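> Mind looking at a prediction? Sequence and model below.
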Amino acid sequence: MQRMWQRVLGDLRTRTNLDAYVVSVCALVFAMLSLVGDVLSQRLQLTVLLAGVGLLVFRITLPDRRAADVDAVLQDRADLDSVPLSARLAGAREVAVFAPSGINLLSSGTCEALRSQVLARPEGKVRVLLLDPSAAEAVRVAARQLDDGQEFSVDSLEPSLRTVISRMEMMRNWNVPGSFEYRLIDFSPGFSMFNVDPGTNNGSLIVEFHAVHGRHSGTRMHINLTRVSSNRWNDYWIEQFEHLWELGRRPVN
């Protein structure tokens with residue numbers, strides 16, 4: 001029963017299946033009124049009955065939403081690249097990134113986009129979490145997964161991590177209205193994350209799963225979540241980042 005009410009409340013928040021709920025409520029009210037006598041005319045009762053049957057028949061013809069949603073949410077980098085980064089950052093106030101090295105995402109172009117679109121505003125906030133290069137064993141294990149697991153690797157973890165940390169140090173010294181911070185963590189949980197405006201209705205959250213083998217990094221599976229697609233799992237992954245962020249250490253000045 002609890003799961004049913006959670007599903008109903010979730011549908012109402014995302015305005016899903018509203019037509020079915022409206023007809024169901026009307027049918028329930030009319031059924032209750034029918035028990036107390038001739039409150040409703042037979043014509044009105046027949047109208048409600050036909051509307052409910054018509055809605056059920058119509059919904060049978062609709063494609064399976066669950067199957068369509070899977071293809072829309074599970075993507076690879078080619079699909080994600082169809083939306084330019086500048087469009088993802090348009091109007092954004094907060095960005096949170098976690099990646100072992102971040103070499104693919106945190107390019108010079110991305111750093112400039114963060115500066116000009118997020119950090120250019122006083123309320124702008126950017127947080128980046130990377131693998132700690134001083135955690136030698138964690139770096140070795142992550143490199144075995146990320147480097148050795150790809151048939152056509154073009155980047156190596158250790159030099160990539162050094163490159164990105166150098167960029168983060170430069171960004172930390174920028175004189176910008178917004179706030180920037182990066183931290184280091186001593187293990188890799190097996191995924192990366194790019195979150196724009198976490199917790200807001202207009203936010204978007206992308207999670208990349210590293211797996212253990214692939215042709216190249218661009219073929220890794222991604223989940224693209226919003227409040228509309230899944231309020232529950234959006235919150236879940238936001239909490240994952242916040243937990244990792246608290247475990248991270250601030251770099252030594």
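Received, thanks. Predicted model, so just to flag it, every value in this text is computed and none were measured.

> In the stretch 1-150 of the chain, where is pLDDT below threshold?
Filtered on pLDDT under 70, the stretch 1-150 of the chain yields the residue ranges 1-21, 23-24, 26-73, 80.

> run the last query once more with 50
Applying pLDDT under 50 to the stretch 1-150 of the chain flags the ranges 66-68.

> quick one, strands of the protein?
Using DSSP state E, the strands found in the chain span residues 74-75, 94-98, 125-131, 179-185, 191-196, 204-209, 222-225.

> any chance of those in TSV, plus mean neighbour count?
Just so you know, the C-beta spots here come from the backbone N, C-alpha and C atoms, and that holds for glycine as well. Formatted as TSV, the strands of the chain follow (neighbours: other Cβ atoms under 10 Å):
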stretch	mean neighbour count
strand 74-75	16
strand 94-98	23
strand 125-131	23
strand 179-185	19
strand 191-196	22
strand 204-209	20
strand 222-225	19
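
> Dump those to TSV, plus distance to N231.
Below are these laid out as TSV (distance: least, Cβ to Cβ, whole Å):
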stretch	distance to N231
strand 74-75	18
strand 94-98	18
strand 125-131	22
strand 179-185	27
strand 191-196	15
strand 204-209	12
strand 222-225	9
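
> For L157, find the nearest of these.
strand 125-131 (7.8 Å; Cβ to Cβ).

> so what secondary structure elements neighbour that closest one?
strand 94-98, helix 136-146, helix 157-172, strand 179-185, helix 231-247 (3 or more Cβ pairs under 8 Å, 6 or more residues apart in numbering; DSSP states H and E).

> what comes into contact with the longest one?
Spelled out, it's helix 231-247. Helix 231-247 is contacted by residues 10, 13-14, 96, 98, 127, 129, 183, 185, 189, 193, 195, 198-199, 203, 205, 207, 223, 225-227 when judged by Cβ atoms under 8 Å, 6 or more residues apart in numbering.

> For it, output the C-alpha coordinates as PDB.
The C-alpha coordinates for helix 231-247 follow below in PDB (Å, rounded to 0.1, in the frame of the first residue of the first chain):
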ATOM      1  CA  ASN A 231      12.500  12.300  -8.500                       C
ATOM      2  CA  ARG A 232      13.600   9.300  -6.400                       C
ATOM      3  CA  TRP A 233      16.800   8.400  -8.300                       C
ATOM      4  CA  ASN A 234      17.700  12.000  -8.800                       C
ATOM      5  CA  ASP A 235      17.800  12.500  -5.000                       C
ATOM      6  CA  TYR A 236      19.700   9.200  -4.600                       C
ATOM      7  CA  TRP A 237      22.600  10.300  -6.900                       C
ATOM      8  CA  ILE A 238      22.700  13.800  -5.400                       C
ATOM      9  CA  GLU A 239      23.200  12.200  -2.000                       C
ATOM     10  CA  GLN A 240      25.900  10.000  -3.500                       C
ATOM     11  CA  PHE A 241      27.900  13.000  -4.500                       C
ATOM     12  CA  GLU A 242      27.300  14.800  -1.200                       C
ATOM     13  CA  HIS A 243      28.600  11.800   0.600                       C
ATOM     14  CA  LEU A 244      31.700  11.500  -1.500                       C
ATOM     15  CA  TRP A 245      32.300  15.300  -1.200                       C
ATOM     16  CA  GLU A 246      32.300  15.000   2.600                       C
ATOM     17  CA  LEU A 247      34.900  12.200   2.400                       C
END
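
> If you count neighbours, what's buried in it?
N231, N234, W237, I238, Q240, F241, L244, W245 (16 or more other Cβ atoms under 10 Å).

> closest to S134 among the residues you listed?
Nearest to S134 among those, with distances taken as Cβ to Cβ, is L244, at 17.1 Å.
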